[in-house]
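Q: Okay, here's the prediction I keep looking at, along with the sequence it came from:
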Amino acid sequence: VCLVLIEQQIVSVSEEQRAALENGSVSAYQFMRKLIENLQITPAQLALDPFSGSCVVVDPNTGEVLALVSYPSYDNNKLANGIDAEYYASLQNDLSLPLWDYATQMRSAPGSTYKMVVASAALMDGIINLSSTVDCVGTFTRYSDIVMRCWNRSGHGNLNVTEAITHSCNYFFYEMGYRFGQSGDPESGTDFNLANERMREYADLYGLTEKSGIEIEESAPQFSLVNPSQSAIGQGEHNYTTVGLARYVATVANSGTCYNLSLLDKVTDRSGNLLKDFSPEVRNTIEMPTSYWDAIHRGMRGVVEAKKYFVDSGIIAAGKTGTAEESKTRPPHAVFVGYAPFDKPEIALATRIGNGYSSDYAAQISCKVMQYYFNPEKEEEIISGTANHLEAVTSAGD
């Protein structure tokens with residue numbers, strides 16, 4: 001297979017590299033891995049997951065989008081002032097869909113990154129208070145027709161809301177989803193419609209029921225209306241874009257101000273005279289006691305404190321991971337939302353790797369993004385890949 005790639009001129013290698021492949025001094029695996037590292041061939045061409053990713057960085061204090069990145073991408077220059085027909089045809093035939101904006105058009109379940117919405121709802125609706133605990137025993141059996149399990153099969157024991165966010169305890173949030181649907185007798189079961197309606201109210205406050213406001217094409221979000229316990233852990237029918245999740249976590253970061261995001265900075269004429277200035281508008285504010293915000297922030301801080309690469313980076317951040325399972329035949333999506341610095345956030349971001357196996361991979365990329373933002377002088381140390389060109393990005397003001 002490797003030799004066919006060379007013979008059909010899909011990849012270009014030196015005579016020495018080909019000889020090493022043929023005589024076995026380099027294995028086919030090592031050869032293919034090197035091609036992928038150098039972007040000579042992509043995972044999508046090999047039908048491998050993951051092959052796509054996206055990251056959106058927002059200023060939580062203004063609602064301005066600082067960076068909006070979709071991978072795989074393409075060379076804008078070949079489509080400006082005339083189109084390179086051969087190049088455009090190759091993009092259209094590419095199974096990885098590089099012309100599709102994964103940051104604004106791909107939707108997926110948010111997984112456990114959704115748990116701050118549910119925590120807010122539970123605290124504000126009086127379902128729990130800051131000292132309330134739930135005893136996670138691993139297996140959730142409130143429903144007669146379905147058994148639901150925490151990722152920790154043996155259980156987490158008693159957790160309050162802050163600890164439940166830090167440990168991403170599914171059992172705790174299954175219980176919250178169940179309680180939202182109770183209207184009196186605790187033995188009467190749970191009303192799915194009532195539970196989801198209560199959660200939807202808070203999802204809306206975080207901007208998760210509408211498009212984010214950016215000035216390019218964006219897929220509309222989808223709120224889950226199925227089993228509320230599944231919905232409460234960011235599964236069910238939830239479907240959100242990366243930019244939508246970025247607006248949500250920016251609202252968490254600034255403790256309650258939800259903006260309609262904007263990619264645009266300003267419009268000037270050819271002489272540089274200002275024609276129009278774009279400033280993101282406040283969509284709504286969430287009036288929640290400071291103690292509740294502190295509990296959520298501490299929970300997110302605990303997530304990041306448990307990750308050695310964040311500790312080693314020196315970035316004092318907070319965040320939440322999410323592993324979104326949507327297919328039995330493909331890996332789950334890897335998602336991370338977070339912000340930094342913890343005490344006075346300057347940036348908030350959402351990162352998603354489509355079918356990326358584990359949320360930790362999205363968290364590692366997010367850590368690198370934060371390092372690059374706060375320490376641009378260490379670019380060569382932070383960007384350690386061997387690819388010889390950068391993918392196109394959309395940035396505010398460009």
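A: Alright, I've got the coordinates.
Q: buried ones in the helix or strand encompassing S229?
A: Here S229 sits within helix 228-231, counting by DSSP states H and E. By neighbour count, with 16 or more other C-beta atoms under 10 Å as the criterion, the buried positions of helix 228-231 are 228-231. (Each C-beta comes from the backbone N, C-alpha and C, glycine too.)
Q: Return the distance of it from the chain's centre.
A: 20 Å (C-alpha atoms, centre = their mean, to the nearest Å).
Q: Over to stretch 295-308?
A: Here stretch 295-308 shows a centroid-to-chain-centroid distance of 17 Å under the convention C-alpha atoms, centre = their mean.
Q: Can you tell me the number of residues neighbouring the residue nearest to E175 when sequence neighbours are not counted?
A: Among residues not flanking E175 along the chain, V134 sits closest, at 5.1 Å (C-beta to C-beta, 6 or more residues apart in numbering). When neighbours are defined as other C-beta atoms under 10 Å, V134 has 22 of them.
Q: so V134 makes contact with N170?
A: No. In this structure, V134 is not within contact of N170 by C-beta atoms under 8 Å, at 11.0 Å.
Q: low-scoring stretches of the stretch 151-300 of the chain, by residue?
A: By pLDDT under 70, the low-scoring segments of the stretch 151-300 of the chain are 184-188.
Q: how about a cut-off of 80?
A: Where the stretch 151-300 of the chain drops to pLDDT under 80, the residues are 183-189.
Q: Next, format the buried residues of helix 228-231 as JSON lines and append distance to P50.
A: Shown next, in JSON lines, are the buried residues of helix 228-231 (distance: C-beta to C-beta, whole Å):
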{"residue": "P228", "distance to P50": "30"}
{"residue": "S229", "distance to P50": "28"}
{"residue": "Q230", "distance to P50": "24"}
{"residue": "S231", "distance to P50": "25"}
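Q: got the contact list for N284?
A: By C-beta atoms under 8 Å, 6 or more residues apart in numbering, the contact set of N284 is 205, 207, 258.
Q: Buried residues, the helix or strand where it lies. List them.
A: Element membership for N284 (DSSP H and E) is strand 281-285. By 16+ other C-beta under 10 Å, the buried positions in strand 281-285 come out as R283.
Q: List the strands paired with that strand, with their directions.
A: Strands adjacent to strand 281-285 in the sheet, as given by DSSP bridges, are strand 257-260 (antiparallel).
Q: Give me the contact list for the partner strand.
A: Residues outside strand 257-260 that contact it (C-beta under 8 Å, 6+ apart): 60, 62-63, 205-207, 212-213, 247, 250-251, 280-286.
Q: just the buried members of those?
A: Those of the contacts of strand 257-260 that meet the buried threshold are 60, 62-63, 205-207, 212-213, 247, 250-251, 280, 283, 286, by 16+ other C-beta under 10 Å.
Q: Of those, which is the nearest to L91?
A: Set against L91, the nearest of these by C-beta to C-beta is S212 (25.6 Å).
Q: Tell me the spacing between that closest one and L97.
A: Distance, S212 to L97, by C-beta to C-beta, to the nearest Å: 21 Å.
Q: Kindly report the same for T257.
A: 34 Å.
Q: From the chain's centroid, how far away is the strand holding N284?
A: Counting by C-alpha atoms, centre = their mean, strand 281-285 comes out at 22 Å from the chain centroid.
Q: Show me how far the helix or strand harbouring V69 is from its chain's centre.
A: Taking DSSP H and E as the criterion, V69 maps to strand 65-71. Averaged C-alpha coordinates place strand 65-71 at 12 Å from its chain's average position (C-alpha atoms, centre = their mean).
Q: what pairs with it, and is each one parallel or antiparallel?
A: According to DSSP bridges, strand 65-71 has these partners: strand 52-58 (antiparallel), strand 393-394 (antiparallel).
Q: For it, give the mean pLDDT please.
A: For strand 65-71, mean pLDDT is 95.
Q: quick one: contacts of it?
A: Outside strand 65-71, the residues that touch it by C-beta under 8 Å, 6+ apart are 52-59, 100-104, 214, 243, 246, 261-263, 347, 391, 393-396.
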